[in-house]
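J.: Structure, please.
(one chain, ligands or ions: 1)
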Amino acid sequence: MIRLDEVSSHQQLVITPPQSGLSLQGTVTIPGDKSISHRALMLGAIAEGETVIEGLLLGEDPRSTAACFSAMGAEISELNSTEVRVKGVGLGNLQEPDNVLDAGNSGTTMRLMMGLLASSSDRFFAVTGDGSLRSRPMSRVVKPLQEMGAQIWGKKGGSLAPLGIKGTQLKGIHYHSPIASAQVKSCVLLAGLLAEGKTTVTEPALSRDHSERMLRAFGANLEIDSETNSVTLEPHPTLVGQKVVVPGDISSAAFWMVASAIVPDSDLLIQNVGVNPTRTGIIEAMQLMGADMTLENSREVAGEPVADLRVKYSQLKGCTIGGEIIPRLIDEVPILAVAACFAEGTTIIKDAEELRVKESDRLAVMAAELGKMGANIIEHPDGLEITGGATLNGAEMDSYTDHRIAMSLAIAALNAKSETKIHRAEAASISYPTFVDTLKDVCQIA
Ligand code: S3P
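T.: Numbering: from 1, shown residues only. Below is the predicted model:
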């Protein structure tokens, strides 16, 4: 029913829904949150003493972060999900690496790290990434860093990687970010740690606040003004290593939320889901669509809210999603598009132009690939319009090396009438290395 084939050094995921139908049953435990994993490694690397990380995501992206910070002197134990130990170099003491820092496919690694490199006085750094990352806009962090006094050079006038950075003494600024981006906010705040004077970031809508929470836990002083979506950081804190428990990634849980909601007779318990309010847009959107979803066992783990989610099949209905909720479900738009294919009526996703500069152009790719299956989907400059109810047939599709595309198409394939092949499915390991194993575990022939 579900198999992975090796095809000329890539993996092809083949999904053949059985004639008798299938449903999803059982319990899924969600691997560590990608955003929190990056931040735990980075703050651990620049803090004094030891940071112990429990539940680190073992995906390719956090591995890129670990490799970059090891190259700058942090001592990071072998990566495993039970316990990773990071011996930090202390604030301002990142070493000049011998070679180029490679962020791989990870925008978070590159953009957050840039803030720390730009403020590492008198050291030189070169950063690069894979083909996807080298085509993603870096001016969104280069510009505020330059305003703080940073010296940065790069392709296309410093707007694309590879980038060169000469660390220098920065000054604090008040940055009014034109986009609600946690990567931009975090980059500027991390640069502000060693700046002269306070650093403030104001964003047009609230993006995920994991950096703020973790900086505070490590000893930084931050003031948050929720009325204006502003955060102000006092420079030169003493950052001290901490124990970090990483909750499961709600962006990974989203695949199971949608799968269980759209495949008839499904009933899944999704355990260990981080439900930080800056990330729960997907739960709100699914509830708006009429999903049968309950939160159980709500608790707080190491400063982050966590819950288990029970999701059962129900007939979804279309809805309109836009505005301030978008940054709170930014990575879930591809899987939400899949949910919309099986909802009654039309779903409109708007104000989501940011999707065009993710690991792939997620609006164009989802419209093209779901279109191949027969979905009624229209691409707009800032979103998607999907009318549910069309029969989806299996198709031959591509992940475009984008992890969230690979997994979203796999979930769509569960409800298709015939076999689907997803090329370059190994992309899933960027954020969810055990995705296919879990998919096999929960799919039951009816
Ligand atoms: C992330 C922020 C988001 C998100 C990305 C992870 C983070 O990007 O899409 O997957 O960890 O800060 P933007 O901040 O660019 O929206």
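
J.: Show me which residues of the stretch 251-400 of the chain sit near the ligand.
T.: Contact residues (CB under 6 Å from any ligand atom) of the stretch 251-400 of the chain with the ligand: I330, D331, E354. Every C-beta, even on glycine, is put in place using the N, C-alpha and C of the backbone.

J.: so what's the closest residue in space to the second one that isn't next to it in sequence up against?
T.: Put plainly, it is D331. Spatial nearest neighbour of D331, excluding adjacent residues (CB to CB, 6 or more residues apart in numbering): S251 at 4.5 Å. Counting by CB atoms under 8 Å, 6 or more residues apart in numbering, S251 makes contact with D33, K34, R279, I282, D331, E332, R404, S431.

J.: if we can go back for a sec, only the buried subset of the residues of the stretch 251-400 of the chain next to the ligand, as a PyMOL command please.
T.: To isolate the buried subset of those in PyMOL, counting by 16 or more other CB atoms under 10 Å, use the following:
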select buried, resi 330+331+354
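
J.: And stretch 238-245, what's buried?
T.: Under the neighbour-count criterion of 16+ other CB under 10 Å, stretch 238-245 has L239, G241, Q242, V244, V245 buried.

J.: L215 versus the first one, what's the distance?
T.: This points to L239. The gap separating L239 from L215 is 8 Å, by CB to CB, to the nearest Å.

J.: before we move on, what about the last one?
T.: Counting by CB to CB, the gap between V245 and L215 amounts to 17 Å.

J.: Can you give the domain ranges for the protein?
T.: For the chain, the structural domains run 2-32+247-443, 34-245, going by automatic domain parsing.

J.: would JSON lines of these with mean pLDDT be doable?
T.: Below are the domains of the chain laid out as JSON lines (pLDDT from 0 to 100):
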{"stretch": "domain 2-32+247-443", "mean pLDDT": "97"}
{"stretch": "domain 34-245", "mean pLDDT": "98"}
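
J.: mind listing the helices for this protein?
T.: For the chain, the helices defined by DSSP state H cover 34-46, 60-70, 107-118, 139-147, 155-158, 182-192, 210-218, 250-262, 281-288, 333-341, 362-373, 403-414, 435-442.

J.: So which of those is nearest K87?
T.: When the helices of the chain are compared by CB to CB, helix 34-46 sits nearest K87, at 8.2 Å.

J.: for K350, what are its contacts?
T.: T320, I321, G322, H380, D382, G383.

J.: The closest residue to the fourth one other than its chain neighbours and A285: what is the separation?
T.: With CB to CB, 6+ apart as the criterion, H380 has its nearest non-adjacent residue at 7.1 Å, and that residue is K350. Taking CB to CB as the measure, K350 falls 13 Å from A285.

J.: Need the overlap of contacts for the two.
T.: With CB under 8 Å, 6+ apart, K350 and A285 have common neighbours I321.

J.: Give me the neighbour count for the residue lying closest to E196 once chain neighbours are set aside.
T.: The shortest distance from E196 to any non-neighbouring residue, by CB to CB, 6+ apart, is to K171 (4.8 Å). When neighbours are counted by other CB atoms under 10 Å, K171 registers 13.

J.: what's the answer for the one 10 residues further on, then?
T.: A count of nearby residues for S181, using other CB under 10 Å, gives 22.

J.: tell me the contacts of the spatially closest residue to it that is not a sequence neighbour?
T.: The shortest distance from S181 to any residue other than its chain neighbours is 5.7 Å, reached at S207 (CB to CB, 6+ apart). By CB under 8 Å, 6+ apart, S207 lies in contact with A180, S181, A182, K185, T278, P327, I330.

J.: 6 Å instead, please
T.: S207 makes contact with A180, S181, A182, P327 under the criterion CB atoms under 6 Å, 6 or more residues apart in numbering.

J.: Rebuild the residues you listed as CSV, extending it with distance to A66.
T.: As requested, those are exported to CSV (distance: CB to CB, whole Å):
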residue, distance to A66
A180, 28
S181, 23
A182, 20
P327, 27
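
J.: one step back: now for the contacts of S251, which sits with the most neighbours around it?
T.: If you count neighbours using other CB under 10 Å, the busiest of those is D33, which has 32 neighbours.

J.: Quick check: that residue touching S252?
T.: No - look at D33 against S252 with CB atoms under 6 Å: they stay out of range, at 8.2 Å.

J.: Could you measure from the residue nearest to H380 over to the ligand?
T.: 16 Å (CB to the nearest ligand atom, to the nearest Å).

J.: likewise Y432?
T.: 13 Å.

J.: How many residues are close by V7?
T.: A count of neighbours around V7, defined by other CB under 10 Å, yields 12.

J.: ah, wrong one, I meant A367
T.: Counted with other CB under 10 Å, A367 comes out at 20.

J.: same thing with G115?
T.: By other CB under 10 Å, 29 other residues sit near G115.

J.: Pull the contacting residues for it.
T.: Contacts of G115 by CB under 6 Å, 6+ apart are C187, L190, A191.

J.: let's see 8 Å
T.: By CB under 8 Å, 6+ apart, the neighbours of G115 are V141, L145, S186, C187, V188, L189, L190, A191, G192.

J.: Ok, A150 next?
T.: The contact partners of A150, by CB under 8 Å, 6+ apart, come to A118, S119, V142, I165, T168, L170, A191.

J.: And for V100?
T.: Taking CB under 8 Å, 6+ apart, we find V100 in contact with A126, V127, T128, P162.

J.: make it 10 Å
T.: C68, A71, F125, A126, V127, T128, A161, P162, G164 (CB atoms under 10 Å, 6 or more residues apart in numbering).

J.: Which among those count as buried?
T.: Among the contacts of V100, those classed as buried by 16+ other CB under 10 Å are C68, A71, F125, A126, V127, T128, A161, P162, G164.

J.: Dig out what the third one forms beta bridges with.
T.: Looking back up the chat, that one is F125. Assessed by DSSP bridges, F125 has beta-bridge partners I165.

J.: how close does V301 sit to the ligand?
T.: Distance, V301 to the ligand, by CB to the nearest ligand atom: 18 Å.

J.: Check the spacing between the nearest residue to that residue once chain neighbours are set aside and L41 real quick.
T.: Excluding the flanking residues, the one nearest V301 by CB to CB, 6+ apart is V245, at 5.0 Å. Distance from V245 to L41, counting by CB to CB: 14 Å.

J.: before we move on, the earlier item: who are the contact partners of the residue nearest to V301?
T.: G32, I36, A40, V52, I53, E54, G55, V301, A302, G303, E304, V306.

J.: any idea what sits nearest the third one, other than its immediate chain neighbours?
T.: So the one you mean is A40. V244 (4.2 Å).

J.: Might you report the residue contacts of that neighbour?
T.: By CB under 10 Å, 6+ apart, the neighbours of V244 are 32, 36-37, 39-41, 43-44, 51-56, 84, 86, 214, 217-218, 301-304.

J.: hang on, the earlier thing: ok, so of the contacts of S251, who is nearest the ligand?
T.: D331 (4.8 Å; CB to the nearest ligand atom).
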